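Student: Generate coordinates for the sequence data below:
(chains A, B and C)
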Amino acid sequence: MKFNGSKGALALLLSLGCASAALSQEVLKIGAAVSLTGPFSREGQLLRDGYDLWKDSVNASGGLKIGTKTYKVEIVYNDDESKAPTSARLTEKLLSEDKVAFLFGPYSSGIATATAAISERYKVLTLAPMATANSLYSRGYKYVFTPSPLADTGLHPLLTLATGFSPKPVKIAIVGPDDLFPNVTGEGAAKRAVELGFQVVYQGKYPKNANDLSSVATQLKAAAPDIVLSTGYAQDTILLMKSMQELRVKPKMVGVAMSIGVADFRTALGSGAEGLMGVDYWVPTLTHKDATFGDSAGFAKAFEAKYKKPPTYHAASGAAAGVVLGLALQKAGTLETEAVRKAMLELRGSTFYGPVKFNDSGVNTLATLNASQIVGGVPQVIFPESVRNVAPVFPRP
Amino acid sequence: MFAQTIVNGLLLGGVYGLATIGFSMVWGVMGIINLAHGAYIMIGAYIAVVAFNAFGIDPFMAIPLAMAVLFVIGFLIQRFLLNSVLKTGLLLSLALTFGVNLVLVDLFVAGFSSDLRSVRTSYGSDAIEIAGVLIPSVRLGACVLALLLAWGFHFFLSRSRHGQAILATALDREIAQTMGINPTLTYALTAGAGAALAGAAGCMAAMLFPVSPHLGNSFISAVFVITVLGGIGTLGGAIVAGFMFGLIQSAASAIWGVGTQEIVAFVFFLVALVLRPQGLFGRKYFGENT
Amino acid sequence: MTHKIKRYGAALLWAVAAALTIAACFWLDNYWLRIWTSVLMYVAITQGLNVIVGFAGYHSFGNAAFFGTGAYGAAMLITAGWPLWAALLGTTAGGALLALLLGPPLLRLKGHYFAIATVALNAALAELILNVGGWTGGAQGISLPMSDMSPIALYRQVYLLMFGGAAAATLIVFWLSRSRFGYAVRASKDSEDGAKAMGINTTAVRVAAWMLSGAVTAYAGGVWAYWINFIEVGSAFDVSLSVKAYIMLLMGGMGSVVGPILGAAFFEVLATLVWSKFGALHNLMLGVLVCAVVLFVPRGVIIPMRRYFARRKSVGRAV
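Tutor: Next comes the predicted model:
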């Protein structure tokens, strides 16, 4: 910078102007109460990583251009300790004190139901990618949206796969903890299983915080199913599988309604995790495209560069929520909630996560599911056929 | 399945019984309801986890270490915190130990995060099969060890000088003092021993369940029920009631479904409390000590 | 003359305080409104505890059982279509009914046993609701119908409802400290045989005291359910509610009328400040606080303060 006379003064003025313009760059404040501690901390942290990755990508390319202004994205995080009342309190704080314009939802449908009650009161839009229980979207809430598929179809891909196996399995057992998402998923799976011609020989619920599942394993053994499907979370599914190992319960197929990409399964079960199948909202082999990340491979690369570990669908859903919000904001051209909501309902687009088309209840009617299996100690995509890495292994080794 | 259910219940009951002895004795000897007892179990579990994952020490081998560490912790907490509330109100100890529990649990959340840890030994899933009933090796080992430790503690209580001092103080504090027994030391010893046993139970728990800082909270309600069922301050009662508790839960889940195991246990407990508050082996005046 | 001024002075002070509290809801923002509503809720719960612990001498560590019953009662009634006032009335009666049913068997237990029994009761009720499922919501919890009111209007309504509960509870304690029934309750605590000799039916008196305690706590639970709109057993039957109330009672002084109010206000505001500053480690700070209260002010703050002022006054006169 040269400081000679009027040129210098002009330069100084210009740079001051630019600086103040940069300082006065608009900020888009988004609030997120996620579980950073407590039973959902693993999933909550992954979700936060996804939100953050989106924020960084957007800010790195200069911010979100909404209408005539460019916005820098800022996310205010709070830890809800995996508890619904804490999340509600935090959401209240985010809305009334921090005055955030939008909300990113928590992990867990139960918690999301509590926070939705607050956000609906304030009429603030929430993107809840990891809250997929059907009940949340049938309460007439107008401001909660999710790009992910709903819980009652949670186990359908595994059931569909099972119809193709030979010798054809017949007897199915469905177990899970007594909680909102697992119950909805379990009911949906039982119905679908019967439709597909399977025989549900055991359907059980255990207490959410149960320490010991040997009684469940004992009853499973007595029922002798070909397939065991779990609707639980990582912790209790691992516990169940350990109990099944101890009591030598060996069904031909074991599936869970969540991602088996989460490392905990392999570290806790070792070789016992081989052959375990899981359902994913997103896998790295999907080919959908979007403007922020390119495609799934691009997202995975960016994630790994930042966090030094491969992403699971929790993180992907978080980033996708951001992408969807960004698309809606740009379409609406304003931050005003009603306009953004209208834009969301009219949005027809695609993210690396998949295509989106929201109905009036905030549900993405185009969302689909994938399935993976631990083959050779590594999670591999096995469904749908168009994006799979390997053919599914049946029966379990 | 019936036989398997019984075996499941008994094996787990043994570990629960061990976890309860310390709690029961502390209550009986000092009239203190130590809500931080669950935290002691949790600390024992973490010792096993760290020993195994960082140093490759088998959890069974980590038990002596856990017992030593927990003895010191229990001793110190009793000596410097809980002894102060002995002479004051009845329920202050409940509030104080609740606070101590919060502190301990949160310390571990800060240090280890709420992530679940587990101990994966090579023999972890082995089981012995007898007449179609599977007895998982780890659970059998834990149950046997629990009984051994309980018997060892009983031996200590009835034969050694310190042990007898503890029993005497439980019966009558004032007379014990006139006999030259130092109550402060006795209490601290009892608390230390109770914590040590909890630590051993924690090591075993680490082999059976996933470990998180909240492990203790999930044990404490069972520990309560077993203490009262067996009789406050009675070692034998804790063990027998432990087995009973395991059996009740196991049977309830087999007959009425897994979701009912908690409520059946509680209802049973409430009924027992009203009908026979001193439990199986307890004497009526325990628990009213101030 | 001074006696009259003192009596009316005290009443005037209370009236002013009450008026200020009511007026406050019109200029507080949402966040502080929430905090003070919480304080009022704890005042109600702690006064309820005061009745059974401070006056009757039964240390109910699981009084949260009534809170949870109140919350679920109100939630189910509101969801069934009852108007708010009827639902609250119904659930308050429900709390009293629970105490009436369980009082006779449980109040026979003494000391520790009673405390443990109430904790077990709390847990058993939570489990019962979980297992029954269906209209109790089970593990899913209950979502109350959304109200049309704007957030601030709703929060003011809740604040005033809670204030009503806190005021009623305080009045009950005040009445207990002056009435014959109150004397009967305290007499039963001090000497079972002595009270019986005086012709007091100790069991009936205790059950009645627990009914008052239960009713007030259930009311607080009912308003809470209406306030947060989504309830589940974990938070409705949370035993730390009981413990916090117990600590507040300790701090304020058992058996005093104003003590629980001060204890609740101090503790809850402190806890909120700690929570917002310390976030992650707030449980630890709470634990330390609890320990500090028990170790250093187990008799509470009110009673020593009163004694201190009484001493100063008498010293002054002697001189």
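
Student: quick one, strands of chain C?
Tutor: With DSSP state E, the ranges of strands along chain C come out as C:142-143, C:230-231.

Student: want to throw the ones you listed into a markdown table with mean pLDDT, mean neighbour count and distance to B:Leu82?
Tutor: For glycine as for every other residue, the C-beta is placed from the backbone atoms N, C-alpha and C. As requested, these are exported to a markdown table (pLDDT from 0 to 100; neighbours: other C-beta atoms under 10 Å in any protein chain shown; distance: least, C-beta to C-beta, whole Å):
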| stretch | mean pLDDT | mean neighbour count | distance to B:Leu82 |
| --- | --- | --- | --- |
| strand C:142-143 | 86 | 22 | 40 |
| strand C:230-231 | 86 | 26 | 36 |
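
Student: Let me know which of those is the nearest to C:Ala220.
Tutor: Closest approach to C:Ala220 among those (C-beta to C-beta): strand C:230-231, 13.1 Å.

Student: ok, is that closest one in contact with chain A or not?
Tutor: Yes: contact of strand C:230-231 with chain A (C-beta under 8 Å from any C-beta of the partner chain) involves C:Phe230.

Student: Can you list the strands that that strand pairs with?
Tutor: Sheet pairing of strand C:230-231 (DSSP bridges) gives strand C:142-143 (antiparallel).

Student: Report the contact partners of the closest residue to A:Tyr307 other than its chain neighbours.
Tutor: Leaving out its chain neighbours, the residue that sits closest to A:Tyr307 by C-beta to C-beta, 6 or more residues apart in numbering or on different chains is A:Asp49, at 5.7 Å. Listed by C-beta atoms under 8 Å, 6 or more residues apart in numbering or on different chains, the contact partners of A:Asp49 are A:Phe303, A:Lys306, A:Tyr307, A:Pro311, A:Ala315, A:Gly318.

Student: Point out the residues in chain A that sit beside chain B.
Tutor: A:37-39, A:41-42, A:82, A:178, A:204-207, A:209-216, A:218-219, A:221-222, A:234-235, A:238-239, A:242, A:245-248, A:264, A:267-270, A:272.

Student: Now render the strands of chain C as TSV, adding distance to A:Pro355.
Tutor: Listed next are the strands of chain C as TSV, based on distance: least, C-beta to C-beta, whole Å:
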stretch	distance to A:Pro355
strand C:142-143	30
strand C:230-231	32
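
Student: B:Phe243 is nearest to which of these?
Tutor: strand C:230-231 (37.1 Å).

Student: Now tell me what touches that closest one from outside.
Tutor: So strand C:230-231 is contacted by A:84, A:88, A:113-114, A:117, C:71-72, C:75, C:137, C:141-144, C:224-225 (C-beta under 8 Å, 6+ apart).

Student: Identify, from these, the entry nearest to chain B.
Tutor: Taking C-beta to the nearest C-beta as the measure, chain B lies nearest C:Gly137 of the contacts of strand C:230-231, at 14.4 Å.

Student: how about that closest one, what does it touch?
Tutor: By C-beta under 8 Å, 6+ apart, the residues touching C:Gly137 are C:Ala75, C:Ile129, C:Ile231, C:Glu232.

Student: quick one: which of the residues you listed is nearest chain A?
Tutor: C:Glu232 (6.3 Å).
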